[in-house]
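Student: Pasting the sequence and the predicted model now:
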Amino acid sequence: MTIQVYEHHDIHDMDAFSGCRTFKSPIKTIGGELVPDFFALVNEEHEPLPARPVSKGYKLVSHLEMFRQQAAQLTDSALPTANVSVKDTVLDGGLRATREVHFNDVRLDMPVGRLTDSMVARMDTINSVDMSWAFQAFAGAYRAYCRNTQVFGGEKVYHAKRKHTRNLSPESITANSIVGLDTFHSNRDYFNRMRTIDLRPDEWREIMEQTLCHKAGRGAAETSDSAAKVNVALLGQMMHRFDQERADLGSNMWAGYNALTAWSTHVDRDANWLDEDGIERSRKARTTDANRVPHVRMQRQNRVRDVLNSPAWAEKLAA
């Protein structure tokens, strides 16, 4: 295994990944016929990489484009990025890569027994192009972690792990990690409280039915356990989002909050999920017009605010 490490202080410095652009290339037999449904991985010179073929459903995430997108998201966020320490690691000629960002002006105090351990906030992003690693994003206050997420030298605020399927949205995951870290830093006591309160899927469903997914009038459907009418498609999407978040963050109100903020943030991307019967569902993006995105996002943020101020949410938070 070859490892190249580049340490610097600029989130927009992509020198470590400049030679890591990877593409799918059709595979041909000796007779010149195309091999259906599978592709080889090649570099910018169209030279094959030492990796097995990937299927047509494999979501190839280029390190360079992904980290550029993350840097742009950080620039637009409230996190201070002028004083950062960045560690970029490229493995095996670009088949795998990681980026570690320490925000030196953001300190998080974490309790350790009767003591308090102060650490700078950090984000770690892990990616591969050869199916060897799932796409992962971490955020929080910790000194070390294992990719299997079982060992942490500190505390994570956000973590997501997704396979490279066609529904993978790395920009959504990195955006969520940024939002999670920023809001946790700004409202630490409130979010610490959220992480201590268990929230079961049936409780989440009930909150959604009473708030975000409540719908009156034509097109609404009655739920099986109440006379309330709900937006069934949105409810299915929010149940799926909560399942994803609680798999990484635990079945608690912090996972519910992250599901809500993910919905309010990503208004310009199609959503896909599996319903309770394992059937794939989809919901078209509310808008793809760049000029409309901020307006729609603000509308959703107002609806999320209504959820957080609702009796259903307050009652659970006070439990």
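Tutor: Happy to help now that I have it. Numbers count the residues shown, from 1 in each chain.
Student: Quick check: Ser264 touching Arg297?
Tutor: Yes. Using C-beta atoms under 8 Å, Ser264 is in contact with Arg297, at 6.5 Å. (Each C-beta comes from the backbone N, C-alpha and C, glycine too.)
Student: Which one's more surrounded, those two?
Tutor: Ser264 (21 against 17; other C-beta atoms under 10 Å).
Student: On the pLDDT front, check Ala247 for me.
Tutor: On pLDDT, Ala247 comes in at 85.
Student: What residues does it make contact with?
Tutor: By C-beta atoms under 8 Å, 6 or more residues apart in numbering, the contact set of Ala247 is empty.
Student: how close does it sit to Arg162?
Tutor: As for Ala247, its distance to Arg162 is 10 Å (criterion: C-beta to C-beta, to the nearest Å).
Student: How about the contacts made by Phe39?
Tutor: Lys24, Ser25, Pro26, Ile27, Pro53, Val54, Ser55, Lys56, Tyr58.
Student: Can you tell me the element it falls in?
Tutor: If you go by DSSP states H and E, Phe39 is part of strand 34-42.
Student: Need the residues that contact the helix or strand following that strand.
Tutor: Per DSSP H and E, the first helix or strand lying C-terminal to strand 34-42 is strand 54-55. Residues from elsewhere that reach strand 54-55 (C-beta under 8 Å, 6+ apart): Lys24, Asp37, Phe38, Phe39, Leu41, Leu60, Asp130, Met131.
Student: pLDDT on the strand holding Phe39, on average?
Tutor: Strand 34-42 comes out at a mean pLDDT of 89.
Student: Report the buried residues of it.
Tutor: For strand 34-42, the neighbour count (16 or more other C-beta atoms under 10 Å) marks Phe39, Ala40, Leu41, Val42 as buried.
Student: go on, stretch 304-311?
Tutor: Quick answer for stretch 304-311 (16+ other C-beta under 10 Å): Val304, Val307, Ser310.
Student: chain center to the host helix or strand of Ala314, what's the gap?
Tutor: Per DSSP H and E: Ala314 is located in helix 311-317. Here helix 311-317 shows a centroid-to-chain-centroid distance of 26 Å under the convention C-alpha atoms, centre = their mean, to the nearest Å.
Student: And for stretch 167-179?
Tutor: With C-alpha atoms, centre = their mean, you get 3 Å for stretch 167-179.
Student: Pull the residues that contact it.
Tutor: Contacts for stretch 167-179 (C-beta under 8 Å, 6+ apart): 59, 61, 66, 69-70, 73-74, 77, 79, 123, 125, 127, 135, 137-139, 158, 160, 162, 258, 261-262, 265-266, 269, 272-273.
Student: With just CA atoms, put stretch 122-129 into PDB.
Tutor: C-alpha atoms of stretch 122-129 as PDB (Å, rounded to 0.1, in the frame of the first residue of the first chain):
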ATOM      1  CA  ARG A 122     -12.900  18.400  13.300                       C
ATOM      2  CA  MET A 123     -14.400  16.800  10.200                       C
ATOM      3  CA  ASP A 124     -13.100  13.700   8.500                       C
ATOM      4  CA  THR A 125     -14.300  12.500   5.100                       C
ATOM      5  CA  ILE A 126     -13.400   9.100   3.600                       C
ATOM      6  CA  ASN A 127     -13.900   8.000   0.000                       C
ATOM      7  CA  SER A 128     -12.800   5.300  -2.500                       C
ATOM      8  CA  VAL A 129     -13.300   4.800  -6.200                       C
END
